[in-house]
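Student: just to be clear, the model below is a prediction. Sequence and coordinates:
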Amino acid sequence: MTIVLAIGGHWDVATVMCIYWAQSVIIGIFTVITLLGIDTSALSFDIGRSLKEKGGSGIVGLKYIWLYKCVLAGFFALHYGLFHYGYFSFIVESGLFGSVNFSNPPNYIACGLFFANHLYLFLYHRKDVRQSSTFIAEEFFRPYQRIVPMHLTIIFGSIVMFALHVIGINASLPVLVLFLLLKTYADLDMHQQKHAGEELKAAPADR
C-alpha cells in the first residue's frame, strides 16, 4: 500500500523513507512491550536452569526477573532510539533526499496501516510461542535486521544522488527504487523467518 501511495502521489525519497522510518519506530515500540511482557515463569525457569548448570542454586527471584526484563527493554529502547534519531536527521533534517510534507494525509494513512498491521501481528502471534530466554534474544535482535535497508540507502543512496548531481542529473528515482526493493525484500524475509520459527516452536506444545 505504501508503494502504491508513493507511486500515485509522486512522493520523493525522503517521504517514503520517513514513512518506513515510522514503521521501524512502531516495530521498536512493540518490541519493548514484548520484552517487558515476557512470561516471568518461563524466563525464571530458563535462567534458573542455566544457573543450576553452572553450579548455582537455580532459584531466581521475581524481582531479578523483572529487573532483567526492564534493563533489557531499556537498553534496547535507548540503543534503537539513538539509531532512529540519527536516521531522522539524515532523512528529514538534512534535506539530502528531499523534503517531507508532514501535512499530507496519505503519509498518516500509510503509518496508520503499518501500526494496525503490527498491532494485529503482536496480538495474534504472541500466544503461539513459548516465551523463553531464546525468544527474548530473537525479539531483541530482529528489529535491527529490518533497518539494514534504511542504513544502506542512506549510505549508497547519498553516493548515487551525489554522482547524478555531478553529471547534471537531478533525479531521485534510482534511489527510491533501490530503497523500496531493499525494504520490501527485508520485510518479507523477516516476516517469513519470524512466523516460520513460531510455527516450529509451537508444534511440540500442540502434540
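Tutor: Arrived safely. Given the structure is predicted, the values throughout are model-derived calculations rather than measurements. Numbers count the residues shown, from 1 in each chain.
Student: run through the helices of the chain in chain order.
Tutor: 2-8, 13-36, 40-53, 62-88, 105-125, 133-146, 148-152, 158-166, 173-206 (DSSP state H).
Student: in TSV: those, plus mean pLDDT and distance to G98.
Tutor: In this view, the C-beta of every residue, glycine as well, is placed from N, C-alpha and C. Converted to TSV, the helices of the chain look like this (pLDDT from 0 to 100; distance: least, C-beta to C-beta, whole Å):
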stretch	mean pLDDT	distance to G98
helix 2-8	71	12
helix 13-36	88	4
helix 40-53	68	45
helix 62-88	89	14
helix 105-125	85	13
helix 133-146	79	23
helix 148-152	77	15
helix 158-166	75	10
helix 173-206	65	10
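Student: just say which of these is most tucked in.
Tutor: With neighbours taken as mean count of other C-beta atoms under 10 Å, those reach their highest mean count in helix 13-36, at a mean of 21.
Student: check which helices and strands that helix sits against.
Tutor: Applying 3 or more C-beta pairs under 8 Å, 6 or more residues apart in numbering; DSSP states H and E, one finds that helix 13-36 contacts helix 2-8, helix 62-88, helix 105-125, helix 133-146, helix 148-152, helix 173-206.
Student: can you check what angle separates the fourth one from helix 13-36?
Tutor: In terms of direction (axes from the mean of the first three to the mean of the last three C-alpha atoms, to 10 degrees), helix 133-146 departs from helix 13-36 by 170 degrees.
Student: please name every helix or strand in contact with helix 133-146.
Tutor: Partner elements for helix 133-146 (3+ C-beta pairs under 8 Å, 6+ apart): helix 13-36, helix 40-53, helix 62-88, helix 173-206.
Student: of those helices, which approaches R142 most closely?
Tutor: Of all these, helix 173-206 sits nearest to R142, with 6.6 Å by C-beta to C-beta.
Student: residues in contact with the residue nearest the centre of the chain?
Tutor: Central residue of the chain (C-alpha atoms, centre = their mean): P143, 3.4 Å from the mean position. Going by C-beta atoms under 8 Å, 6 or more residues apart in numbering, P143 touches S24, I27, G28, T31, Y80.
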